[in-house]
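Visitor: Need coordinates for the following:
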Amino acid sequence: MFKHYLIVCSLMALSACSASPPDPKEFAGQFRDTFSTEIKGDGIKLFTYKAKLATATDRALPDDQPHDQRINRRKQDLQSYLIEQRNAEQRLELWHQQVDLGLQKTIEMSGYCQAGFVELNRYVEMDRAEIRGECNDGATQEDFTKFGR
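Guide: Numbers count the residues shown, from 1 in each chain. This is a model prediction of the structure:
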């Protein structure tokens, strides 16, 4: 137990010395997001993007994993913990960047808003976010088929 405590303290001290600027990719694998779409009868395309930091339960892996995988998971959880302990203002800015990046990639991958979008509402807290928007382009027949009404 003391050994684990010593490792945690050492890693925390090392991370505190790091002076590199925040990178939104630090949240990779540490958040969960959803993207829901709605197409109105007149062809208006709306969406809601939600993101939240993954809790320890969200990141939990089965107990029957090999020892090496459990150790790696603990290291990842420690990284998550260290990220969560940073300065609140820096953390919030980083989270804003991650949410924006997540939304951008989700829209690109889904092909939902071909001509961009207008943000209707944004709500971002330290561990969760929701962005609602309206696409600049109207729904095509392909959109109705792919995304429904």
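Visitor: mind listing the helices for the chain?
Guide: For the chain, helices defined by DSSP state H occupy the ranges 2-17, 56-59, 67-84, 88-110, 141-147.
Visitor: For the fourth one, which residues meet the burial criterion?
Guide: In other words, helix 88-110. 91, 94, 95, 97, 98, 99, 100, 102, 103, 106, 107 (16 or more other C-beta atoms under 10 Å). Where you see a C-beta, it was placed from the backbone N, CA and C, and this is true even at glycine.
Visitor: I'd like to know which of these is nearest to residue 130.
Guide: residue 99 (9.0 Å; C-beta to C-beta).
Visitor: show me what contacts that closest one?
Guide: 49, 51, 124, 129, 131 (C-beta atoms under 8 Å, 6 or more residues apart in numbering).
Visitor: Relative to residue 144, how far out is it?
Guide: Relative to residue 144, residue 99 is positioned 28 Å away (C-beta to C-beta, to the nearest Å).
Visitor: Equivalent analysis for residue 130, please.
Guide: Distance from residue 130 to residue 144, by C-beta to C-beta: 25 Å.
Visitor: quick one, which of the two is more surrounded?
Guide: residue 130 (16 against 12; other C-beta atoms under 10 Å).
Visitor: okay, the buried residues of helix 88-110 in JSON lines with distance to residue 44 and pLDDT next?
Guide: As requested, those are exported to JSON lines (distance: C-beta to C-beta, whole Å; pLDDT from 0 to 100):
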{"residue": "91", "distance to residue 44": "35", "pLDDT": "79"}
{"residue": "94", "distance to residue 44": "33", "pLDDT": "85"}
{"residue": "95", "distance to residue 44": "29", "pLDDT": "86"}
{"residue": "97", "distance to residue 44": "29", "pLDDT": "89"}
{"residue": "98", "distance to residue 44": "28", "pLDDT": "89"}
{"residue": "99", "distance to residue 44": "23", "pLDDT": "91"}
{"residue": "100", "distance to residue 44": "23", "pLDDT": "93"}
{"residue": "102", "distance to residue 44": "23", "pLDDT": "91"}
{"residue": "103", "distance to residue 44": "19", "pLDDT": "94"}
{"residue": "106", "distance to residue 44": "19", "pLDDT": "94"}
{"residue": "107", "distance to residue 44": "16", "pLDDT": "95"}
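Visitor: Nothing else from me, thank you.
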